[in-house]
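[1] fold the following for me, if possible:
(one chain, ligands or ions: 1)
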Amino acid sequence: MSGARLTLDPAFTVGAVDPRVYGSFVEHMGRAVYGGIYEPGHAEADEDGWRGDVLGHVREMGVTIVRYPGGNFVSGYDWEDGIGPRAERPAKLDLAWRSLESNAVGTDDFMRWAALAGVEPMFAVNLGTRGPDAARALLEYCNGDPGSYWADRRVANGVREPYGVKLWCLGNEMDGPWQMGQKTPAEYGRIAAEAGKLMRLVDPDIELVLCGSSNIHMPTFGTWEDTVLDLAWDVADYISLHSYWDPDEFAARADYLASPHRADRMIEAVVATADAVAARKRSRKKVMLSYDEWNVWHQLRNPHHTRTDGPFAEAPPLGEDDHTVTDALVVGGLLLSLLRHCDRVKVACQAQLVNVIPFIRTLDGGPAWRQPSFYPFAHAARYGRGEVLRVHVDGPTYATEEEGDVPVIDALATHDAESGTVTLFAINRGAESVALEAVLRELPQAAVAEHLVLADDDLDAGNTPEAPDRVVPRAGSGARVEDGALRAELAPYSWNVLRLSGA
Ligand code: AHR
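    I've put the predicted structure just below:
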């Protein structure tokens with residue numbers, strides 16, 4: 001068995017974890033809303049139609065914020081259609097997903113669901129077919145004190161107290177040719193600056209997220225960020241990053257497992273660009289990162305990953321991927337990449353929560369179940385709190401096409417001084433067990449509290465409605481603190497959570 005060595009010292013930190021990195025995303029897309037979080041008449045639904053089984057899984061997952069209502073959907077969305085009495089809401093064509101949008105769920109409904117789920121909302125405004133005027137009206141509807149037109153419309157709809165929604169995305173993927181109202185960087189930079197200006201006049205306390213490139217492969221990646229930050233610098237608190245990883249895009253499983261390092265590169269490139277704009281402007285402002293769409297997405301394998309023809313249908317199945325054990329390891333790696341950059345990545349949203357590219361699946365009228373990818377997220381959200389510790393792994397490496405030589409063991413640790421816990425997250429990306437030795441510095445009382453392992457002999461195994469717990473985390477054995485070091489065996493192709501108390 002080969003060995004890997006690292007050192008844990010609470011004095012050497014990257015920064016504090018912002019709990020909002022454990023966000024997710026609910027878009028009016030496919031069966032995310034209708035048949036996902038909302039299914040009136042379902043045996044598990046409450047009197048308002050919210051599925052209790054899904055809510056239970058969302059709470060267990062530890063999601064902190066949820067982005068809404070899109071995604072590509074938001075770029076054609078008239079938010080006014082989704083408020084007021086349901087019977088009077090219009091059904092409209094959603095051109096993003098070639099769907100029929102009933103508007104049965106809208107702003108106030110989502111806010112009710114968010115309260116039940118215990119999550120903070122993150123709203124996106126339509127800068128595709130609409131613009132600053134619709135954005136400031138929506139903000140007034142949400143956050144305005146009673147006494148003005150839109151705030152009073154909210155009161156008339158039964159909600160007196162302003163919602164106080166803090167986080168707002170200025171549009172979605174505005175560089176994409178698929179986007180309704182696609183823009184050049186100059187067009188987007190200006191409209192975002194104006195929308196942000198008006199929104200801040202309505203509510204100076206909001207935080208604004210500027211659209212970055214839709215992905216690292218966009219031909220304008222880098223120059224887009226440079227231009228839009230230049231033009232909308234005064235309103236930008238965050239710039240967004242989006243990425244999806246498709247297993248079939250990679251020559252070998254080993255390359256797919258190493259692919260989260262692409263997120264490291266993307267984050268570092270966007271940070272460098274934002275800081276270069278700051279330098280040019282002689283500004284001390286640090287624009288933070290909102291990685292508000294990230295996940296694995298089986299686009300090449302799943303013919304229903306998008307919808308470009310056929311009749312406009314209500315809640316057609318879209319992107320209902322079956323996640324495997326391998327996907328869960330990649331998701332774990334992506335979480336480590338976000339946490340490794342916690343000094344700049346303050347917000348992140350796994351996309352998406354239910355049914356669409358999901359961690360949670362449902363059947364209409366049937367059960368809800370958790371995919372293998374659910375678990376690394378739930379572990380990180382629960383235990384990845386406090387400060388991220390600097391961790392350098394000394395151990396075996398392997399060669400990949402895209403990322404060069406990468407460590408077989410990807411690891412990261414957090415120290416939560418409040419609970420006195422150090423948590424080491426470690427992914428073994430190799431076919432052999434690895435003996436891990438983590439030297440403990442300034443941690444004299446540390447003792448192993450728990451070792452959780454997600455692994456399976458079948459790397460393509462997943463969970464199904466018939467076998468919802470085929471892949472679940474199990475307790476590891478043999479982890480111990482000995483001679484000032486944590487020692488544990490990391491099984492082949494495994495996600496590990498090693499929790500130390502007394503820290
Ligand atoms: O999350 C699915 C889609 O992926 C979103 O609507 C869009 O923003 C991205 O391209």
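[2] quick check, pLDDT for whichever residue of the chain sits closest to the ligand.
    Taking Cβ to the nearest ligand atom as the measure, the chain has Gly71 as its residue closest to the ligand, at 2.9 Å. For glycine as for every other residue, the C-beta is placed from the backbone atoms N, C-alpha and C. Listed pLDDT for Gly71 reads 97.
[3] OK, contacts around it?
    Phe25, Glu27, His28, Met29, Ala96, Ala124, Asn172, Glu293, Ala351 (Cβ atoms under 8 Å, 6 or more residues apart in numbering).
[4] Arg160 too?
    Pro146.
[5] Glu249 contacts Arg301, correct?
    No: contact criterion Cβ atoms under 8 Å: Glu249 and Arg301 do not qualify, at 10.4 Å.
[6] just confirm Asp248 is within a helix.
    Yes: Asp248 sits within a helix when classified using DSSP: H, G, I helix; E, B strand; the rest coil.
[7] with adjacent residues omitted, what lies nearest to it?
    In this structure, Asp248 finds its nearest non-sequential neighbour in Leu300, 3.9 Å apart by Cβ to Cβ, 6 or more residues apart in numbering.
[8] is that neighbour in a helix, a strand, or coil?
    Taking three-state DSSP, the label given to Leu300 is coil.
[9] make sure Asn103 is actually in contact with Ala91.
    Yes: under the criterion of Cβ under 8 Å, Asn103 makes contact with Ala91 at 6.8 Å.
[10] end-to-end on stretch 393-402?
    20 Å (Cα to Cα, to the nearest Å).
[11] equivalent analysis for stretch 71-86, please.
    End-to-end distance for stretch 71-86: 23 Å, by Cα to Cα.
[12] do the same with stretch 240-259
    First-to-last residue span, stretch 240-259, Cα to Cα: 20 Å.
[13] next: stretch 475-482.
    Stretch 475-482 has an end-to-end distance of 20 Å (Cα to Cα).
[14] how about the residue lying closest to Arg86 once chain neighbours are set aside, secondary structure?
    In space, and not counting its chain neighbours, Arg86 is closest to Ala104: 5.8 Å by Cβ to Cβ, 6+ apart. Secondary structure assignment for Ala104 (three-state DSSP): coil.
[15] of all the helix elements in this protein, which one is longest?
    helix 260-280 (DSSP state H).
[16] quick one: list the elements packing against the next helix or strand along the chain from it.
    Per DSSP states H and E, the first helix or strand lying C-terminal to helix 260-280 is strand 288-296. Applying 3 or more Cβ pairs under 8 Å, 6 or more residues apart in numbering; DSSP states H and E, one finds that strand 288-296 contacts strand 23-25, strand 238-245, helix 260-280, helix 325-340, strand 345-351.
[17] would you reformat these as a markdown table and include distance to Pro40 and mean pLDDT?
    Formatted as a markdown table, these follow (distance: least, Cβ to Cβ, whole Å; pLDDT from 0 to 100):
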| stretch | distance to Pro40 | mean pLDDT |
| --- | --- | --- |
| strand 23-25 | 22 | 98 |
| strand 238-245 | 31 | 98 |
| helix 260-280 | 38 | 98 |
| helix 325-340 | 31 | 98 |
| strand 345-351 | 25 | 98 |
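[18] more neighbours: which of Glu249 and Arg301?
    Between Glu249 and Arg301, counted using other Cβ atoms under 10 Å, the more crowded position is Glu249 (15 against 12).
[19] identify the residue nearest that one in space, chain neighbours excluded?
    For Glu249, ignoring the flanking residues on the chain, the nearest one in space by Cβ to Cβ, 6+ apart is Leu300 at 6.9 Å.
[20] mind giving me the domain ranges of this protein?
    2-10+388-501, 18-383 (automatic domain parsing).
[21] hmm, back to that, for the longest helix of the chain, list every residue counted as buried.
    Residues 260-264, 266-267, 269-271, 273-274, 277-278 are the ones in helix 260-280 that count as buried (16 or more other Cβ atoms under 10 Å).
[22] for Ala417, give me its contacts.
    Pro10, Gly386, Glu387, Ala503.
[23] among these, who's most crowded?
    Most neighbours among the contacts of Ala417, by other Cβ under 10 Å: Ala503, with 24 neighbours.
[24] residues of the stretch 151-300 of the chain that sit close to the ligand?
    Asn172, Glu173, Glu293 (Cβ under 6 Å from any ligand atom).
[25] circling back to that earlier point, neighbour count: Asn103 and Ala91, which is higher?
    Asn103 (21 against 13).
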